[in-house]
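Trainee: Okay, predicted coordinates and the sequence, questions at the end:
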Amino acid sequence: MTRLATRASLALVALLCVITVAQSDAKKPDGMKLRIVLAGDSTVTDNAGWGGAAFKGSFNDKVEIVNLSRGGRSSKSFREEGRWDEAMKLKPDYVVIQFGHNDEPGKPGRSTDANTEYRANMTRYVDDAIAAGVKPILVTSIARRQWIDNGYAIRSSLIPYVEVVRQIAAEKKVPLVELHDRSIEVYLSLSKDGCEDFIAPTKEGGQYDGTHLNATGEAVFGPLMADALRQAVPELRGYRANYKPPTTRALTSTRPTTKPAETSPRPPTPQGAKAITVAADGSGDFKRVQDAIAAVADYNADRTTIHIKPGVYYGQIVVPKSKTNVTFLGDDAATTILTYALNVQDPIAAGTDRSANGTGVVAIGEGFHAERITFRNTSGDHGQAMALRLASDRAVLRDCNLLGWQDTLLTHSGRHYLKNCYIEGRVDFIYGGATSVFDGCTIRSKQGGYVTAASTAEDQPFGYVFLNCKLIGDETNTPTYLGRPWRPFASVAFLNCELGSHIRPEGWNNWGKESNEKTARYLEYKCTGPGADRAKRVGWSRELTDDEASKFTVKNVLAGKDGWDPTSE
């Protein structure tokens, strides 16, 4: 793995805060359920936190979840009331522990100092559980929605308590779920208005509750938390509930949008090259990427370079059709991160592109370029969640990271060239109908699944072409398919690629339709590595001849009618 890819992988691990510990197999004998007890305050309860029906429904029927959390409890009062003893009497396999909200100052009889009494209380919980043969899982408290910067940022008062939990998890070598930072990403992805519209309960006086969750909020955070638990504790992955497609559409805001109307399409004309700087700390022309895009001249044939300084930039970003020849330029993909935390089932806030909900960055304008940028969707492994949607013709990405789980990269339409990029996910994480060349990229599969799901049109000569790429698995090395056809004429070719041992011997999947075997175009050529052995490949895929392979060059695949050659740009 390249140094860039390694840093990207480590960044995602840090985001998930997976601190693993050697533990016995969680598999229970037949007829016995795995028992998980939740111990926490109101933000963990069934009716005001994340521990309700959506959380419980994310596990299969071999799991029993007992929620002993109570509103108003701190790490001190929960034990004093005997609730911890009650939890231990249940003899659970796991106990999930989250306190902090009521440990803050100003809670008579409950407040604790973060670095002394709170630390002692949380450490004692961990020690008690281990002594009783119960596996403790620590959770950093879900953040309060404490908005600053006109609703564009959050300053959390829980940080001292969060830091203590992180330290205890590291010292005791017990699993940690980083819910605090994940929750802030969700809030910023929804926006202040979106949080108030969808996930915040309303108090008696009509004010919005900035701490707790309503039913919609639990539907957002419950599955997120269940997925985070499975990532932190690998033994729990076998207890995931079967996927159930949503039966209703995502909730959509009724607030009037301030999104500017699109300019009537017209051929791009020279209007002069331009440079714009975005800096989250306010040292640039703009603090937010979307504001910089709005300042780009419509249908400019000359290039506008948006230099995005190091920082994490939250929320959906759209490069509309009228904003042509735009470049996102970062200093280093490890430090310039465009992140989003929602999937297609989550609420759609005002100002979000409703045709691309669940997507972090949407690039439609022709000639979109990105260099040294990380595109990230942190929603987790519980639904379609795109880091980047490319619907831009003649798009180029160089030295970029694309991080997610399901559907990380949607190559919707157009022609795309990705050079030296790092892409990771699990299910169909490179998918769509575009003609796309991946040149020298690292493709990392997480916990199995499918690398590609192409929907190439029948009259399209090329779909996905992987040249000199390296396909690797994660630490689980779970068997993985090279692809499955989202549409019958899916076209995918791997040439001179290194295929890791995680690639299944059969290579390809027909998506449950034998008819796809007659139409899908799945090709390989002189690939190497333990996953490249074609002896057991499905009979409806094939190896290219030398003559056929000679046509799979960047220029020939992407030339189109205008002779485009991205390697010359």
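Mentor: Nice, thanks for sending it over.

Trainee: Walking through the stretch 51-200 of the chain, point out its helices one by one.
Mentor: Assigned by DSSP state H, counting those that start in this stretch, the stretch 51-200 of the chain shows helices spanning 53-56, 77-80, 83-89, 119-131, 159-172, 179-198.

Trainee: Need the winner for burial among the ones you listed.
Mentor: Most buried of those by mean neighbour count (mean count of other CB atoms under 10 Å) is helix 179-198; its value is a mean of 23. Bear in mind the C-beta positions are built from the backbone N, C-alpha and C, glycine included.

Trainee: circling back: just so I know, which of the helices of the stretch 51-200 of the chain lies nearest D298?
Mentor: helix 179-198 (25.4 Å; CB to CB).

Trainee: Next secondary structure after that closest one?
Mentor: helix 215-232 (DSSP states H and E).

Trainee: What segments of the stretch 251-400 of the chain are helices?
Mentor: When assigned using DSSP H, counting those that start in this stretch, the helices of the stretch 251-400 of the chain occupy the ranges 289-294.

Trainee: if we can go back for a sec, of all the helices of the stretch 51-200 of the chain, which one comes closest to E548?
Mentor: Here helix 179-198 is closest among those (CB to CB), at 44.6 Å.

Trainee: Give me the nearest residue to G414, chain neighbours excluded.
Mentor: D393 (3.6 Å; CB to CB, 6 or more residues apart in numbering).

Trainee: Show the contacting residues for P265.
Mentor: Y299, K321, S322 (CB atoms under 8 Å, 6 or more residues apart in numbering).

Trainee: check contacts around the second one.
Mentor: In this case it means K321. E262, P265, I364, G365, E366.

Trainee: before we move on, the earlier item: and the residue nearest to G414, how many residues sit next to it?
Mentor: 20 (other CB atoms under 10 Å).

Trainee: Phi first, then psi, for it.
Mentor: Here is the backbone geometry of D393 (degrees, to the nearest 10): phi -80, psi 150.

Trainee: you'd agree I130 is up against P136?
Mentor: Yes: the pair I130 and P136 passes the contact test of CB atoms under 8 Å, sitting 6.6 Å apart.

Trainee: Give me the three-state assignment for E424.
Mentor: strand (DSSP: H, G, I helix; E, B strand; the rest coil).

Trainee: Just give the closest residue to A114, not the sequence neighbours.
Mentor: Nearest one to A114, counting by CB to CB, 6+ apart, is P160 at 3.8 Å.

Trainee: Pretty sure that neighbour sits against T116.
Mentor: No: proximity of P160 to T116 does not meet the contact threshold set by CB under 8 Å, at 11.1 Å.

Trainee: Tell me where the stretch 251-400 of the chain is predicted with low confidence.
Mentor: Applying pLDDT under 70 to the stretch 251-400 of the chain flags residues 257-262.

Trainee: All the strands of it, residue numbers only.
Mentor: 274-278, 304-308, 311-314, 317-319, 326-330, 336-340, 359-363, 369-371, 374-377, 386-390, 395-398 (DSSP state E, counting those that start in this stretch).

Trainee: right, so of those strands, which gets closest to R521?
Mentor: Nearest of the strands of the stretch 251-400 of the chain to R521, taken as CB to CB: strand 386-390 at 21.0 Å.

Trainee: Please name every helix or strand in contact with that closest one.
Mentor: Applying 3 or more CB pairs under 8 Å, 6 or more residues apart in numbering; DSSP states H and E, we find strand 386-390 packed against strand 359-363, strand 374-377, strand 401-403, strand 409-411.

Trainee: Return stretch 334-347 as CSV; C-alpha atoms alone will do.
Mentor: Extracted C-alpha coordinates of stretch 334-347, given in CSV (Å, rounded to 0.1, in the frame of the first residue of the first chain):
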residue,chain,number,x,y,z
ALA,A,334,-4.6,13.2,4.3
THR,A,335,-5.4,16.8,5.5
THR,A,336,-8.0,18.1,3.1
ILE,A,337,-11.2,16.1,3.7
LEU,A,338,-14.7,16.6,2.3
THR,A,339,-16.9,14.6,4.5
TYR,A,340,-20.6,13.6,4.8
ALA,A,341,-22.3,11.4,7.3
LEU,A,342,-25.7,10.5,5.8
ASN,A,343,-27.1,7.7,3.6
VAL,A,344,-30.0,7.5,1.3
GLN,A,345,-32.4,6.6,4.1
ASP,A,346,-31.6,9.6,6.2
PRO,A,347,-33.6,12.8,6.2
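
Trainee: Check the offset of that stretch from the chain's centre.
Mentor: Relative to its parent chain, stretch 334-347 has a centroid offset of 6 Å by CA atoms, centre = their mean, to the nearest Å.

Trainee: what's the answer for stretch 209-222, then?
Mentor: With CA atoms, centre = their mean, you get 19 Å for stretch 209-222.

Trainee: And that stretch, what's buried?
Mentor: Neighbour counts using 16 or more other CB atoms under 10 Å place D209, G210, T211, H212, L213, T216, G217, E218, A219, V220, F221, G222 of stretch 209-222 among the buried residues.

Trainee: Please dump those residues into TSV; it should also carry distance to D41 for every row.
Mentor: Shown next, in TSV, are the buried residues of stretch 209-222 (distance: CB to CB, whole Å):
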residue	distance to D41
D209	14
G210	15
T211	10
H212	10
L213	12
T216	20
G217	15
E218	15
A219	20
V220	19
F221	14
G222	16
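
Trainee: so what's T335 up against?
Mentor: P310, G311.

Trainee: Apply 6 Å and report the result again.
Mentor: P310 (CB atoms under 6 Å, 6 or more residues apart in numbering).

Trainee: ok, now how distant is it from V296?
Mentor: For T335, the distance to V296 equals 23 Å [CB to CB, to the nearest Å].

Trainee: Repeat that for D562.
Mentor: 22 Å.

Trainee: Between those two, tell me which one has more neighbours.
Mentor: V296 (21 against 9).

Trainee: The more buried one touches D302, doesn't it?
Mentor: No: under the criterion of CB atoms under 6 Å, V296 makes no contact with D302, lying 10.6 Å away.

Trainee: Now, of the contacts of K321, which are buried?
Mentor: Buried by 16+ other CB under 10 Å: I364, G365, E366, out of the contacts of K321.

Trainee: I figured the last one was touching T324, is that so?
Mentor: Right, the one you point to is E366. Yes: between E366 and T324 there is a contact under CB under 6 Å: 4.8 Å.

Trainee: helices and strands of the chain: which one has the lowest mean pLDDT?
Mentor: Lowest by mean pLDDT, DSSP states H and E among the helices and strands of the chain is helix 3-16, with a mean of 41.

Trainee: following that helix, which helix or strand comes up?
Mentor: strand 34-40.

Trainee: List the pairing partners of that next one within its sheet, with orientation.
Mentor: Each strand paired with strand 34-40, and its direction, by DSSP bridges: strand 63-67 (parallel), strand 94-98 (parallel).

Trainee: tell me the angle that strand makes with helix 215-232.
Mentor: If you take axes from the mean of the first three to the mean of the last three CA atoms, to 10 degrees, strand 34-40 sits at 120 degrees to helix 215-232.

Trainee: Show the average pLDDT along strand 34-40.
Mentor: Averaging pLDDT along strand 34-40 yields 98.

Trainee: May I see the strands of the stretch 251-400 of the chain arranged in JSON lines, with distance to S69 as well?
Mentor: As requested, the strands of the stretch 251-400 of the chain are exported to JSON lines (distance: least, CB to CB, whole Å):
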{"stretch": "strand 274-278", "distance to S69": "41"}
{"stretch": "strand 304-308", "distance to S69": "41"}
{"stretch": "strand 311-314", "distance to S69": "28"}
{"stretch": "strand 317-319", "distance to S69": "36"}
{"stretch": "strand 326-330", "distance to S69": "41"}
{"stretch": "strand 336-340", "distance to S69": "29"}
{"stretch": "strand 359-363", "distance to S69": "32"}
{"stretch": "strand 369-371", "distance to S69": "43"}
{"stretch": "strand 374-377", "distance to S69": "29"}
{"stretch": "strand 386-390", "distance to S69": "33"}
{"stretch": "strand 395-398", "distance to S69": "44"}
